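Undergrad: Below is the sequence, then the predicted model.
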Amino acid sequence: MPEPRWTEPAVDTIAVHDTAIAPDRQHATRLFLLRVVRLMAIGGINDARAASMLINQFGRSYRRPLVLLRAMMLELARSSYRQIKLAPTCCGRFTRDEATLLCALGRKESAFAQCHDDACLLLDREDALGAATCFQAVSTCFTDLGAPLA
């Protein structure tokens, strides 16, 4: 019986797999932010684990992102017309609502209209200027501290 012949994978396949395996810094920052948001959603905006994660990430500059994330969470809770679905903190996947949240947070300052559209979709509202402004403030804060989301 002849031995089976194994063919080498195509060069394009290897390149695609290599880029999929090595996550970039932006991806890690988004996952970090998503975990903090999940902790605040579960334990409240004064959750000690979320604050501890921000202290570990930003050192002495933790206060600004903490205050802005708290304001964002309060604005989302206040202005949403529907329940926003979040996954557990240990989950490696994310929900559609979390994807919309990350998309809105990843918008550049010049793309405020698209950020507002994402906020309207997330909150099921026709006008979500407060939430869009919070998204832009959090994104700008993370960029200023060296952890860009966009």
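TA: Nice, I can see it. Numbering: from 1, shown residues only.

Undergrad: Send me the lengthiest helix in the chain as CSV with only the CA atoms.
TA: Assignment by DSSP state H gives helix 25-43 as the longest helix of the chain. Only the C-alpha atoms of helix 25-43 are listed here, as CSV (Å, rounded to 0.1, in the frame of the first residue of the first chain):
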residue,chain,number,x,y,z
ARG,A,25,-2.3,45.7,20.8
GLN,A,26,-5.5,47.3,19.8
HIS,A,27,-7.3,44.0,20.1
ALA,A,28,-5.9,43.4,23.6
THR,A,29,-7.0,46.9,24.7
ARG,A,30,-10.5,46.3,23.4
LEU,A,31,-10.7,43.0,25.3
PHE,A,32,-9.4,44.7,28.4
LEU,A,33,-12.1,47.4,28.1
LEU,A,34,-14.8,44.9,27.5
ARG,A,35,-13.8,43.0,30.7
VAL,A,36,-13.9,46.2,32.7
VAL,A,37,-17.4,47.1,31.3
ARG,A,38,-18.6,43.6,32.1
LEU,A,39,-17.3,43.9,35.7
MET,A,40,-19.0,47.2,36.1
ALA,A,41,-22.3,45.9,34.7
ILE,A,42,-22.3,42.9,37.1
GLY,A,43,-20.9,44.5,40.2
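
Undergrad: by contact count, what packs against the helix or strand following it?
TA: Downstream of helix 25-43, the first helix or strand assigned by DSSP states H and E is helix 48-58. Counting contacts by 3 or more Cβ pairs under 8 Å, 6 or more residues apart in numbering; DSSP states H and E, helix 48-58 packs against helix 25-43, helix 63-79. Every residue, glycine included, has its C-beta placed from N, CA and C.

Undergrad: For Thr89, which of these is the nearest?
TA: helix 25-43 (4.5 Å; Cβ to Cβ).

Undergrad: Give the rounded mean pLDDT of that closest one.
TA: Helix 25-43 carries an average pLDDT of 92.
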